[in-house]
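Participant: Below: sequence and its predicted model.
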Amino acid sequence: MRTEDLLAAIATGLWRWDSVSGAVSYDAEAARLVGLPAEAVTLPEAAARACFHPADWLEVKAIVELAVAEGTLAETRLRIVDEKGTVLRTVRTRSRPVPRTDGADGFHLLGTLQEVAEPLPGTTAGGTPVTGDWRRNREAFLLDAGRALAEAMSTAEVLRVAAGLSMPGFSPDGLTVFGVKGDRISLIGHHGPRVDAEHSFSDISVDTEYPAAEVVRTGRAVYLPSQEEYRGRFPAAWHRMRPLKRRSWAFLPLIVAGRTIGAWMAGFAHPVAFSPDERSVLTTIARMLAQALSRAALQETERELSDGLQRSMLPAAKPDIPGLTVAARYVPTGGGLQVGGDWYDVIALPSGRTALVIGDVQGHDVRAAGIMGQLRIAVRAYASEGHHPDAVLARASRFLCGLTDPGGDGADPRFATCLYMEVDPVAGTLDIARAGHPDPAVRLADGTMMIRPTAGGLPLGVDPEGDYPTTRVVLEPGETLLMCTDGLIETGGHDLETGWTRIRSVFEHPATATDGPHDLEALAEALVQAVHGPPSHHTTGPLADRREDDIALLLIRRDAEVCLVGPGSAPVRRTAITLAQAEPERIAGARRQLRDMLHDWADEDQVESAVLLLSEMVTNVLVHTDGDALLVAEVSGRRGSRRLRLDVADGSDELPHRRRPGELASSGRGLMLMEMLADAWGVDPRGDGKCIWYELHERAPEA
């Protein structure tokens, strides 16, 4: 007699469930029991689910997962319902998960169906113990536990969450998590009564007669509902555990992607029978705990890797430059990888001077970080050979062109912006070469911030034959210079204009009043916090996209108390700009610098007059001479009674003279404007040219 016929004779059917395809197959007797015609049939999962009460179908899935995890039988009762939800009969199923023979993941569930006497036919589907309050509390607990474990970002946080779990009806009083490394088991975390004997298992072999070791060896959970069972199964370990006075224990494997990464012990001060529902809760928690620990370990490894890479890419020690104080910051903010294309460096030069470099490689990925490291080394090598700033950037550009596109096929080319500065701390001169990078900003001795326009070329890696002119800037005693990447300016939806405005409010008004090195560190931290910290949420920019980018900055201050023009005088604001014949467009930058110097001038009309006179004087040099113009502007005195003096020097010996332009003439009114708008003006001949100057004395608008 066939097995199917024998089972049909005792009213028992066979069913089969494919966990991959979801197909459910019934023999004739099983089909009759679930309310279908009495013939063999294969149904999709949705059609098979319609034959059972919804709550019972969910229970089947939970029990099957438990049986798969433990390698045991799955046994439960199911209510068969019709289309109206009326219970037709109750059946009992016993099934076993069987691995697939085709090598695919998943399993086949093979089992039997047999009718039981309850409930009576004709009654409506009502509640059962599996859908009662305990079940609802369990589901709510698992949802909360899953959310809390998913939010934990480190191993310590995962262990704190696990220790705080309050399981419905059977909360453990102690938890221990073991990890596996090679053939050794180590203690990762512990919560609960601390007994030295328990920690004798903190570093043991996987062959030790201890429940956690057996769990790691077999991948199967070990449940010990009583002290007698613990003592009987693990006598060698029992005498060490006896002082804890616990009554029940559960040891479960922590499995990720089929690999056992550790074990989890839950100890109970009260007896626990470990029913299928309780084992299901523990198994689910163990699965979530294993995933959380694996994710946290991966994130910690990535952080350790990126932190190590970041440290290796930055200067090993804080630079010590006589006469200058330096502060630096690097904050990775633009992505999951905590290192990107931004970098800074401090290089000792053969001449005895010091070079400061800051740059930003396009992109925020592993390739950007790798290119950044190679470009940093190349710039350091060229600088150490003694090349001038323009030659260093020209060589670095050729190096990057060959590095990112060696075959000339245009595959993923990258460019980089860079600001290279050679510092002479004795004279206070800064020779700056710029490759597509933001200009530096200077805070004058009285606190005024000014952006220093510098000549520049294309970003590195764009044109292998590009030129990078050098600009000389003088850093006066007491002044502070800021070099930064665009992340400090544009993070948070800002453009260049609004970004510099946000930085100005912090740069001009630091929280500290003295000029010590700690104050420069505090200023660097304040700039980062204004852009990346909590205050940044109150200073979002006008752009809809709150773009995040890495932040790198260097602050250098020329050491001095203040720069004074005489005893009891106020600090002086001073700027110097060279305007070349080939660069008339820089007149607009000079006007902007003068406005920055006079940003707190009392009379706005005087500011407009000063800007107009500057334009007239500089344009006169560029139009009527063959040389460049050197502009020096200086503000001195106390606020409310200050004096602006602006000098424009050139190499021509020809002195300006008054003309009488007609009504339609486009020039010839420069000296007339000087007489009308300036409080004083003049022309000073020099041995190699002349200097024309004017002065404005600050006055209140109503005066």
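Facilitator: On my side now, so go ahead. Numbers count the residues shown, from 1 in each chain.
Participant: Only C-alpha atoms from now on, for both contacts and neighbour counts.
Facilitator: Fine.
Participant: Over the helix or strand containing Arg434, what's the mean pLDDT, rounded is fine.
Facilitator: Taking DSSP states H and E as the criterion, Arg434 maps to strand 429-435. The average pLDDT within strand 429-435 is 92.
Participant: Check which helices and strands that strand is in contact with.
Facilitator: When contacts are defined as 3 or more CA pairs under 8 Å, 6 or more residues apart in numbering; DSSP states H and E, strand 429-435 sits against helix 389-404, strand 416-424, strand 456-457, strand 470-474.
Participant: ok, now with 6 Å
Facilitator: Judged by 3 or more CA pairs under 6 Å, 6 or more residues apart in numbering; DSSP states H and E, strand 429-435 is in contact with strand 416-424, strand 456-457, strand 470-474.
Participant: and the shortest one, what does it pack onto?
Facilitator: In this case it means strand 456-457. Using 3+ CA pairs under 6 Å, 6+ apart: strand 456-457 touches strand 429-435.
Participant: Which SSE is immediately downstream of the strand it packs on?
Facilitator: Next in sequence after strand 429-435, counting helices and strands by DSSP H and E, comes strand 441-443.
Participant: Please enumerate residues in contact with that next one?
Facilitator: The contact list for strand 441-443, computed with CA atoms under 6 Å, 6 or more residues apart in numbering, reads 449-452, 479-482.
Participant: ok, now stretch 463-479?
Facilitator: Residues outside stretch 463-479 that contact it (CA under 6 Å, 6+ apart): 390, 397-398, 428-433, 443-445, 454-457, 557-560, 562-563.
Participant: distance between the ends of that stretch?
Facilitator: From its first residue to its last, stretch 463-479 covers 35 Å (CA to CA, to the nearest Å).
Participant: check contacts around Leu644.
Facilitator: 634-635, 695-696.
Participant: Narrow these to those in strands?
Facilitator: 634-635, 695-696 (DSSP state E).
Participant: ok, the residues you listed vs Ser652, which is closest?
Facilitator: Glu695 (22.1 Å; CA to CA).
Participant: so what pLDDT did the closest residue to the closest one other than its chain neighbours get?
Facilitator: Leaving aside its chain neighbours, Glu695 sits nearest to Arg645 (4.5 Å; criterion: CA to CA, 6 or more residues apart in numbering). For Arg645, the model assigns a pLDDT of 92.
Participant: so how far is Gly456 from Arg645?
Facilitator: Distance of Arg645 to Gly456, given as CA to CA: 29 Å.
Participant: higher neighbour count, those two?
Facilitator: The neighbour comparison of Arg645 against Gly456 (other CA atoms under 10 Å) goes to Gly456, with 22 against 19.
Participant: got the contact list for the more buried one?
Facilitator: Applying CA under 6 Å, 6+ apart, one finds that Gly456 lies in contact with 434-435, 468.
Participant: Can you point out the buried residues in stretch 236-253?
Facilitator: Judged by neighbour count (16 or more other CA atoms under 10 Å), stretch 236-253 contains these buried residues: 237-238, 240-241, 246-253.
Participant: same thing with stretch 461-475?
Facilitator: Neighbour-count burial for stretch 461-475 [16+ other CA under 10 Å]: 461-464, 466-475.
Participant: What of stretch 45-60?
Facilitator: For stretch 45-60, using 16+ other CA under 10 Å, the buried residues are 45, 48-54, 56-57, 59-60.
Participant: List of residues touching that stretch?
Facilitator: For stretch 45-60, contacts defined as CA under 6 Å, 6+ apart pick out 22-23, 78-81.
Participant: redo that, cut-off 7 Å
Facilitator: Contacts to stretch 45-60, defined as CA atoms under 7 Å, 6 or more residues apart in numbering, come from residues 22-24, 34, 78-82, 131.
Participant: Kindly indicate which of the residues you listed lies nearest Glu214.
Facilitator: Checking the contacts of stretch 45-60 against Glu214 with CA to CA, the nearest one is Gly22 at 33.8 Å.
Participant: Wait, that closest one touches Pro44, no?
Facilitator: Yes - between Gly22 and Pro44 there is a contact at 6.2 Å, judged by CA atoms under 7 Å.
Participant: in the stretch 501-650 of the chain, which segments are predicted with low confidence?
Facilitator: Across the stretch 501-650 of the chain, the ranges flagged by pLDDT under 70 are 510-518, 535-538, 544-547, 560-571.
Participant: So which elements touch the lengthiest strand in the chain?
Facilitator: Secondary structure of the chain read by DSSP E shows that its longest strand is strand 87-99. Strand 87-99 sits against strand 74-81, strand 107-116, with contacts defined as 3 or more CA pairs under 7 Å, 6 or more residues apart in numbering; DSSP states H and E.
Participant: give me the number of residues near the closest residue to Gly456 other than its chain neighbours?
Facilitator: Excluding the flanking residues, the one nearest Gly456 by CA to CA, 6+ apart is Arg434, at 4.6 Å. By the criterion of other CA under 10 Å, Arg434 has 30 neighbours.
Participant: what's the answer for Ala348, then?
Facilitator: 16.
Participant: Looks like it contacts Val357 (just checking).
Facilitator: No - with contacts counted by CA under 7 Å, Ala348 stays clear of Val357, the gap being 11.4 Å.
Participant: longest single helix anywhere in the protein?
Facilitator: Counting by DSSP state H, the longest helix found in the chain is helix 276-313.
Participant: And the contacts of the helix or strand that that one is followed by?
Facilitator: Downstream of helix 276-313, the first helix or strand assigned by DSSP H and E is strand 324-331. Contact with strand 324-331 is made by 319, 425, 517, 520-521, 524, 550-559, as judged by CA under 7 Å, 6+ apart.
Participant: With distance to Ala378 and pLDDT added, can I get the buried residues of stretch 461-475 in TSV?
Facilitator: Shown next, in TSV, are those (distance: CA to CA, whole Å; pLDDT from 0 to 100):
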residue	distance to Ala378	pLDDT
Gly461	13	90
Val462	17	89
Asp463	17	89
Pro464	15	88
Gly466	17	88
Asp467	18	90
Tyr468	17	92
Pro469	20	90
Thr470	20	90
Thr471	22	88
Arg472	24	85
Val473	25	86
Val474	28	84
Leu475	28	87
